[in-house]
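give me a model of this one.
(chains A and B)
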2 protein chains.
Amino acid sequence: MSTACDFQALSALDFESWAAALRARVEQKADAALPRPSGGALDTLFEAMRYAVMGGGKRVRALLVYGAGTLAAAPAAALDEAALAVEYVHAYSLVHDDLPCMDNDTLRRGKPTAHVKFGEAAAMLAGDSLQPEAFERLAMTGLSDAQVNALTRTLARASGAHGMCGGQMIDLASVGRRISIDTLRQMHRLKTGALISAAVRMGALCGDPARFAVLEDDLSSYSAALGLGFQVVDDILDVTASTAELGKTAGKDEASDKPTYVSLLGLDEARALAGRCGDEALAAVARMRARPEAAREGLQRLEELSRYIIRRTC
Amino acid sequence: MSTACDFQALSALDFESWAAALRARVEQKADAALPRPSGGALDTLFEAMRYAVMGGGKRVRALLVYGAGTLAAAPAAALDEAALAVEYVHAYSLVHDDLPCMDNDTLRRGKPTAHVKFGEAAAMLAGDSLQPEAFERLAMTGLSDAQVNALTRTLARASGAHGMCGGQMIDLASVGRRISIDTLRQMHRLKTGALISAAVRMGALCGDPARFAVLEDDLSSYSAALGLGFQVVDDILDVTASTAELGKTAGKDEASDKPTYVSLLGLDEARALAGRCGDEALAAVARMRARPEAAREGLQRLEELSRYIIRRTC
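Down below sits the predicted model:
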């Protein structure tokens, strides 16, 4: 089965089918790429890594890699690796965030969290192991060394102290405190936004560098708006959706006295903000329509992704 | 001050002075490279990262980067970044290993462990943040994209499930159980050996690729022997040295019923094994003497390093 071939076939699909096909593809690629238990001393670690990455999730970040990659006409094999890398980092962050010393949560994607299932030490090591595994995936893209380095730098920057980990730190420090809307924005720009922006950027970096250079600014606006919108919607859903719908504990923010867009702005104003984020993302796509470097199908996918992220109900 | 210049000046120094100068250099480079608290929301995270990396340690891995780099006539600026990257990964692993859900230790390098000082969540996030920071350092070496990729792959492979994290997993699973000498070797080959081998390989990878190719096999033998010897000596010191000498809790292995080379082989046989490791490392250096690609000063430093590691008393 040629990878390029079945990727091409996706272009005819409507958004829901496209997303479903790519979710299945991520699952299959992760299954093939992650170390597999084989009766040895490392089996628990391998099982915990697989448990963390596989078996569900919306795969928003992987879809953004594929969407931006389609825009930049990137090779499918490279996008597969970049999508895995981003999902590995996201998965590790969930495992660590769920640990008792962090958010202490027991339910994730409708299943027991990794430390509940495998113990804290194995969960922590599984998270620790997924980080270098993500960077190894980027070395497997088959792209030029310069592109691999750009991908590596993008993922590293988005996931560390100036990105995702920094956001989680502010989050933990904010529990039970009044923070300003600016601090809340900074927290989410780092905690969620950085990796979402990295996903978009990485998808496009897998394409031709000259094409990337032309699209870079508009893609940054697109992903910044989307990252903010994603978090605002998450905060709204924490209030309005049930635990069963979310697959994770609902009402958690209020119960743990966490500041959110809803607690700071109220539900109506939070919804209006999410709407404005969606508009901004669509405006960035509209600007790229004027660029011959932007592949038509990619524009369509990015538009669909922004609607999906802003209008999702769980 | 030119970086190349002050590095050159080191060549005249005896081993102790060379090591001391490079330790100071690592400290200074880490101080300049690590994010600095500035009165913002991320200060605790930045402080915990600096605490984890700075302020001591033997810097064995950094010294191996510099030693192998000297052998391969690598540029000083590249070695500085590679040394930082390896030390960041080592430092993060110590912070995570010391956490209550892992080895639950309170003393490290003569100071309270990071989670005792900053809390578990901040310690964990500091560790998590140091991993991508390490990969970012490799992108700063100024080497060719191909060399940076080789460095990235080497560090990623050594630190993940098939390296350091895998070794820690076996370690945790072995507490209170009888394991074979083969399992013990596998555990340490992964837990300690992988990163030590990576340090040697990374130093040499910073040099000319053709030179690296010629030296690769002998360097692998050298670092494998050294990695094993390092751990055997560590196990010996846990029995024979005091907490004050070690700067970490002595007698910990026996107290926690951990299998060690001493518990499996006895003290005399463990000492003999350490000696054989040292001999093997020296034999690999002797083989490289016949290679015009091996810089003389580097051979000397690798010889000195193997003596230092095998004969150290704390």
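
and stretch A:44-53, does that touch chain B?
Yes - Stretch A:44-53 reaches chain B (C-beta under 8 Å from any C-beta of the partner chain) through A:Thr44, A:Leu45, A:Phe46, A:Met49. All C-beta atoms are positioned from the backbone trio N, CA, C, and that covers glycine.

show me the shaky parts of chain A.
A:1-6, A:243-244, A:246, A:250, A:313-314 (pLDDT under 70).

show me the strands in it, by range?
Using DSSP state E, the strands of chain A run over A:107-108, A:111-112.

quick one, which of those is nearest to chain B?
strand A:111-112 (16.5 Å; C-beta to the nearest C-beta).

and that closest one, how far from the chain's centre?
Its chain's average C-alpha position is 20 Å from that of strand A:111-112, according to C-alpha atoms, centre = their mean, to the nearest Å.

so, in contact with chain B or not, stretch A:119-129?
Yes - applying C-beta under 8 Å from any C-beta, one finds stretch A:119-129 touching chain B at A:Gly119, A:Glu120, A:Ala121, A:Ala122, A:Met124, A:Leu125, A:Gly127, A:Asp128, A:Ser129.

how about that stretch: buried residues?
A:Glu120, A:Ala121, A:Ala122, A:Ala123, A:Met124, A:Leu125, A:Ala126, A:Gly127, A:Asp128, A:Ser129 (16 or more other C-beta atoms under 10 Å in any protein chain shown).

quick check, A:Glu27 in contact with A:Arg50.
No - using C-beta atoms under 8 Å, A:Glu27 is not in contact with A:Arg50, being 10.7 Å away.

which residue does chain A bring closest to chain B?
A:Asp145 (3.2 Å).

surely that residue and B:Ala146 touch.
Yes - between A:Asp145 and B:Ala146 a contact is recorded at 4.8 Å, counting by C-beta under 8 Å.

measure the residue of chain A closest to chain B to A:Ser159 for me?
21 Å (C-beta to C-beta, to the nearest Å).

ditto for A:Leu42
24 Å.

these two - which one has more neighbours?
Using other C-beta atoms under 10 Å in any protein chain shown as the criterion, A:Leu42 and A:Ser159 rank with A:Ser159 on top: 31 against 23.

in contact with that one, which residues?
A:Ser159 makes contact with A:Val89, A:Ser93, A:Gln131, A:Cys165, A:Ala194, A:Leu195, A:Ala198, B:Pro132 under the criterion C-beta atoms under 8 Å, 6 or more residues apart in numbering or on different chains.

which pair in those spans the largest distance?
A:Gln131 and A:Ala194 (14.9 Å; C-beta to C-beta).

more crowded one of these two?
Ranked by neighbour count (other C-beta under 10 Å), A:Gln131 and A:Ala194 place A:Gln131 first, with 30 against 24.

that one contacts B:Glu133, correct?
No - at 11.1 Å, A:Gln131 does not count as touching B:Glu133 under the criterion of C-beta under 8 Å.

what does the stretch 1-150 of chain A put close to chain B?
A:35, A:41-42, A:44-46, A:49, A:93, A:96, A:99-102, A:119-122, A:124-125, A:127-133, A:135-136, A:138-139, A:144-146, A:148-149.

so which bits of stretch A:271-281 are buried?
A:Arg271, A:Leu273, A:Ala274, A:Cys277, A:Gly278, A:Glu280, A:Ala281.

please flag which of the residues you listed sit within helices.
Applying DSSP state H to the buried residues of stretch A:271-281, the entries found in helices are A:Arg271, A:Leu273, A:Ala274, A:Cys277, A:Gly278, A:Glu280, A:Ala281.

which residues touch the fifth one?
Okay, so that is A:Gly278. By C-beta under 8 Å, 6+ apart, the contact list for A:Gly278 reads A:Ala225, A:Gly229, A:Ser306, A:Arg307, A:Ile309, A:Ile310, A:Arg311.
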